[in-house]
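# Below are the sequence and a predicted model for it; my questions follow.
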Protein chains: 2
Amino acid sequence: MDEKILELIEQKRFSELKNLLSEMQPPDIAAIFEEAPEKDIPIIFRILPKELAAEVFVEMDSDMQQLLIEAFSDKELHDVIDELFLDDTVDIIDEMPATVTKRILRQTDSKTRQLINQLLAYPDDSAGSIMTTEYVDLKKSMTVEKAFDRIRKIGIDSETIYSCYVTDAGRHLLGIVSVKDLLLNSKDEIIGNIMDENIIFANTLDDKELVAGLFEKYDILALPVVDKEERLVGIVTVDDAIDVLQEEATEDIEKMAAILPSEHSYFKTTVFETFKARIPWLMLLMISATFTGAIISSFEDKLKIFTALIAFIPMLMDTGGNSGSQASVTVIRAISMGDIEFKDILRVLWKEIRVALFCAGTLVSINFMKLFLIDNLMFHNFDVGKEVLEICVVSATLFCTIVVAKIIGCSLPILAKKIGFDPAVMASPLITTIVDAISLVIYFFMASTFLGIA
Amino acid sequence: MDEKILELIEQKRFSELKNLLSEMQPPDIAAIFEEAPEKDIPIIFRILPKELAAEVFVEMDSDMQQLLIEAFSDKELHDVIDELFLDDTVDIIDEMPATVTKRILRQTDSKTRQLINQLLAYPDDSAGSIMTTEYVDLKKSMTVEKAFDRIRKIGIDSETIYSCYVTDAGRHLLGIVSVKDLLLNSKDEIIGNIMDENIIFANTLDDKELVAGLFEKYDILALPVVDKEERLVGIVTVDDAIDVLQEEATEDIEKMAAILPSEHSYFKTTVFETFKARIPWLMLLMISATFTGAIISSFEDKLKIFTALIAFIPMLMDTGGNSGSQASVTVIRAISMGDIEFKDILRVLWKEIRVALFCAGTLVSINFMKLFLIDNLMFHNFDVGKEVLEICVVSATLFCTIVVAKIIGCSLPILAKKIGFDPAVMASPLITTIVDAISLVIYFFMASTFLGIA
């Protein structure tokens, strides 16, 4: 399909191209633009029907949008901007250099310009930054018939018509009426009688992640947003909420892998941006790991006598790290899904300790069998004494490390959240580094005690 | 709020309770039930208005649902089931023991029972398993007015009325009409003229994760699902798509932390279930780590001479592991977001190698400065020769480990996907274990070469 289209572009068979593109979905057309030769892009864009063109424009990445805006005449720019929803215009402006922004704003009327500037002023992670101001508002005293008239009048420019918002003269939100309610009532019914006054709403400055979570919890299609004075200023639609939920999941995953969150998709991020996102944690963790090294150094002389102990260091460190990160990642995700709060910390600890005892018991048994039966009885002469003691030291360390790792892994994210840090940062890499050091301290303590190394 | 309600329950002030609950949202009422004493639950449930009661019932967890069903009379059960959407009924039945399932099915008419059994038969991860069969279907020849009549007639039992599906006599899907289209056209317009024939649809057996991805990509509210013969059999609504996207993100995060995915939220999973989800990978990774130990063992004699080298093992292993997991996690998420496919493998490698060179250069410089300037010049007498060589060995190992870790980290998930494995399994823990072993091999190779340990 894509190849056929690229062929049409190459052969400049634009009317066939137009027919083909008109039957496609906007995101798929935007993908075609990504692959088309740069010089042909403005030409292909111009053959699209006006409304479709605007929908495709929204789906493009910002480089492509900038390229097109620079190729547009003022009239063309005006036409595209005119078709866009206001929140999409704001998203586009957010990504453009100042000169392009100015050109876009010049193509809007003064009222729109004012709204755009207002939306641009909301913090990046607020409900205000993802809302649109184009919705259907109704009055309490309207009949169903009048409501339909109003939907017909302003509905074409609204992002959703299926939720309509009933406001008073001061723009305060009184209730919500869905088009389903309107359709299922007689046309003489008064809106005030059928509107739902149990409203789920957000404030402009609410965290957009929390707002997106409301869509998941309450299965809604749109959410009204009010300002400090409780006046309705916009709505968030479910498609934007989905984008926020997906972005937040990606961000959590990145943080859990010790990466600073990036805004763009993999190939849209430059090598240097990727480097910048990854190096801070790598550096910090590398320096932290030298403490683990220092613990080994302080034990160096004794390790010269018991060199066999060195070989167990990776197994102990890795198993401790894995046990800890299992607990931390589970808890981090549960926090961000709203399943765990600070008040649950004792319940979480109690659960994790029991899981840790099961895991530790199982792993120690397996390890013991492996060391004692396979390594010792099969490959060595059996030397009761020193080697049995070494096996005991390793087993005891393994047991304690797993339990400590699970306790640290489950409690650090909850504590981080409590003091206002992002729990996701307390994931595998940081937990691993902490648990590494602890496991070595336990190991050398056990060795000193059981093997009598003073 | 919650406490006030629990107080009302305790004091059996049911009419006040009814007023309060009627103003709340179903998920919030379900949360109240979680905290109420078990014996009061059926009583509180009975005071809810019929429709609200059904909505609350859907939001409860399966233990609570079972408790209520067992307390219901046949008539009460019938009333609740009658109010539910079919896909919710199927989800509930899926979680119930066989005796309860039978009781539920006895309360449905034979046509519904047949539909339920059909929905139950779809595989767990298929589009069929998340669709509902209650939608508005129209005929091509209808007028807009007739369409509204049909919506009014069957709309109250449909999960969404905003997308209507135009089918022929053989139930084949011909087009989609939104209520917005209907409202913005005159009532005499023929559906066939205004329906959109560019339909995004899914097959019953399509992976539900892919289907949920379509909602994100195309910003749709509902998606028609057709069977093998291309007959319309149901629709998936956006609220169910959001749940799937969130579940899949949780599943990916769990797999990345070496946990088998679980179905329930944190506190709904028993200790033993959590143990079972975590132990397989812990065991496998522990056994793998003994190979790393074996590499150290084979080098044991030489380590007795160069004990200083042991102290760098944690730093090298951790930094390698972190570098590798950054690359793997980034690539895994990009694969699941559809940004990276197998054909991109060389582009990914080329990008990761450049990022690796930057990271390695930076970390080696920092490490070199730390070792050479701080540790060596400040704390020790400076012994040109052996110690400088050791620093070179550590630096060279660090450099190579980071580059190798990034290469392995970015390529394994892509290769796993290619051969049909889940890329998420190739995350931090597995990559760490592999990179650990490789970093030690590099380390000892460098040490043998530079320090002349033969």
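Structure's in. What do you need?

# Please name every helix or strand in contact with the lowest-mean-pLDDT helix or strand in chain A.
Counting by mean pLDDT, DSSP states H and E, chain A has its least confident helix or strand at helix A:300-305, which shows a mean of 72. Taking 3 or more Cβ pairs under 8 Å, 6 or more residues apart in numbering or on different chains; DSSP states H and E as contact, the helices and strands that helix A:300-305 lies on are helix A:428-450. No exception for glycine: its C-beta is placed from N, CA and C like everyone else's.

# List the buried residues of the helix it packs on.
Using 16 or more other Cβ atoms under 10 Å in any protein chain shown as the test for burial, helix A:428-450 gives A:428-444, A:446-447.

# If we check chain B, which of these are in contact?
The subset of those within reach of chain B, counting by Cβ under 8 Å from any Cβ of the partner chain, consists of A:428-429, A:432-433, A:436, A:440.

# what pLDDT does A:Glu197 get?
If you check A:Glu197, the pLDDT there is 89.

# That one against A:Leu173, yeah?
No. Taking Cβ atoms under 8 Å as the contact criterion, A:Glu197 and A:Leu173 are not neighbours in contact, 9.7 Å apart.

# Name the nearest residue to the residue nearest in space to the middle of chain A, sequence neighbours excluded.
Among the residues of chain A, A:Glu248 comes closest to the average C-alpha position under Cα atoms, centre = their mean, at 1.4 Å. Counting by Cβ to Cβ, 6 or more residues apart in numbering or on different chains, A:Glu209 is the residue found nearest to A:Glu248 once chain neighbours are left out, at 5.0 Å.

# Give the helix, strand or coil label for that neighbour.
Secondary structure for A:Glu209, judged by DSSP: H, G, I helix; E, B strand; the rest coil, is helix.

# swap in A:Leu174?
Per three-state DSSP, the local secondary structure of A:Leu174 is strand.

# Please apply the same query to A:Arg152.
Counting by three-state DSSP, the three-state call for A:Arg152 is helix.

# and the stretch 1-150 of chain A, which residues reach chain B?
Taking Cβ under 8 Å from any Cβ as the contact definition, the stretch 1-150 of chain A meets chain B at A:23-27, A:148.

# Include neighbour count, pLDDT and secondary structure when you put those residues into JSON lines, please.
As requested, the residues of the stretch 1-150 of chain A next to chain B are arranged in JSON lines below (neighbours: other Cβ atoms under 10 Å in any protein chain shown; pLDDT from 0 to 100; DSSP: H, G, I helix; E, B strand; the rest coil):
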{"residue": "A:Glu23", "neighbour count": "9", "pLDDT": "85", "secondary structure": "coil"}
{"residue": "A:Met24", "neighbour count": "17", "pLDDT": "87", "secondary structure": "coil"}
{"residue": "A:Gln25", "neighbour count": "20", "pLDDT": "88", "secondary structure": "coil"}
{"residue": "A:Pro26", "neighbour count": "21", "pLDDT": "89", "secondary structure": "helix"}
{"residue": "A:Pro27", "neighbour count": "17", "pLDDT": "89", "secondary structure": "helix"}
{"residue": "A:Phe148", "neighbour count": "17", "pLDDT": "91", "secondary structure": "helix"}
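
# so which of the residues you listed would you say is closest to A:Thr401?
Taking Cβ to Cβ as the measure, A:Thr401 lies nearest A:Pro27 of the residues of the stretch 1-150 of chain A next to chain B, at 48.8 Å.

# Next, the angle helix A:428-450 makes with the helix ranked longest in chain A.
For chain A, the helix reaching the highest residue count under DSSP state H is reported as helix A:386-418. Counting by axes from the mean of the first three to the mean of the last three Cα atoms, to 10 degrees, helix A:386-418 points 140 degrees away from the direction of helix A:428-450.

# gap between helix A:386-418 and the chain center?
The gap between the average C-alpha position of helix A:386-418 and the chain average comes to 31 Å, counting by Cα atoms, centre = their mean, to the nearest Å.

# which helices and strands does that helix pack with?
For helix A:386-418, the contact count by 3+ Cβ pairs under 8 Å, 6+ apart identifies helix A:313-336, helix A:345-369, helix A:428-450 as packing neighbours.

# Show me what the last one is packed up against.
Of the remaining helices and strands, those touching helix A:428-450 by 3+ Cβ pairs under 8 Å, 6+ apart are helix A:271-298, helix A:300-305, helix A:313-336, helix A:386-418, helix B:313-336, helix B:428-450.

# ranking the ones you listed by mean pLDDT, which is last?
Of all the helices and strands packed on helix A:428-450, helix A:300-305 carries the lowest average pLDDT, namely a mean of 72.

# which outside residues touch that one?
Outside helix A:300-305, the residues within contact range by Cβ atoms under 8 Å, 6 or more residues apart in numbering or on different chains are A:296, A:309-310, A:444, A:447-448, A:453, B:304, B:307-308, B:310-311.

# Give me the average confidence score over the helix or strand where A:Glu216 lies.
Here A:Glu216 sits within helix A:208-218, counting by DSSP states H and E. Here helix A:208-218 scores 91 as its mean pLDDT.

# Outside of it itself, list whatever touches it.
Counting by Cβ under 8 Å, 6+ apart, the neighbours of helix A:208-218 from elsewhere in the structure are A:125-127, A:129-130, A:200, A:202, A:220, A:223, A:225, A:236, A:238, A:241-242, A:244-245, A:248, A:338, B:25-27, B:242-243, B:246.

# Give me the buried stretch members for it, please.
Residues of helix A:208-218 classed as buried under the neighbour-count rule (16+ other Cβ under 10 Å) are A:208-209, A:211-217.

# Pipe these into a markdown table and attach distance to A:Met286 per row.
Shown next, in a markdown table, are the buried residues of helix A:208-218 (distance: Cβ to Cβ, whole Å):
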| residue | distance to A:Met286 |
| --- | --- |
| A:Lys208 | 34 |
| A:Glu209 | 31 |
| A:Val211 | 38 |
| A:Ala212 | 35 |
| A:Gly213 | 36 |
| A:Leu214 | 41 |
| A:Phe215 | 41 |
| A:Glu216 | 38 |
| A:Lys217 | 41 |
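
# Quick check: A:Thr397 touching A:Leu440?
No. Between A:Thr397 and A:Leu440 no contact is recorded; they are 9.0 Å apart, counting by Cβ under 8 Å.

# Quickly list what's touching both of these two.
When contacts are counted by Cβ under 8 Å, 6+ apart, the set common to A:Thr397 and A:Leu440 consists of A:Leu316.

# before we move on, back to that, out of the helices and strands packed on helix A:386-418, nearest to B:Asn193?
Proximity of these to B:Asn193 was assessed by Cβ to Cβ; the nearest stretch is helix A:313-336, lying at 47.4 Å.

# helices or strands up against the closest one?
For helix A:313-336, the packing partners by 3+ Cβ pairs under 8 Å, 6+ apart are helix A:238-256, helix A:345-369, helix A:386-418, helix A:428-450, helix B:238-256, helix B:271-298, helix B:313-336, helix B:428-450.

# Could you look over those helices and pick the most buried one?
Highest mean neighbour count of these: helix B:313-336, a mean of 28 (counted as mean count of other Cβ atoms under 10 Å in any protein chain shown).

# returning to that earlier point: of all the helices and strands packed on helix A:313-336, which lies closest to B:Leu77?
Comparing the helices and strands packed on helix A:313-336 under Cβ to Cβ, the one sitting nearest is helix B:238-256, at 24.0 Å.

# could you give the angle of that closest one to helix B:313-336?
Helix B:238-256 and helix B:313-336 are oriented at 160 degrees to each other (the same axes, to 10 degrees).
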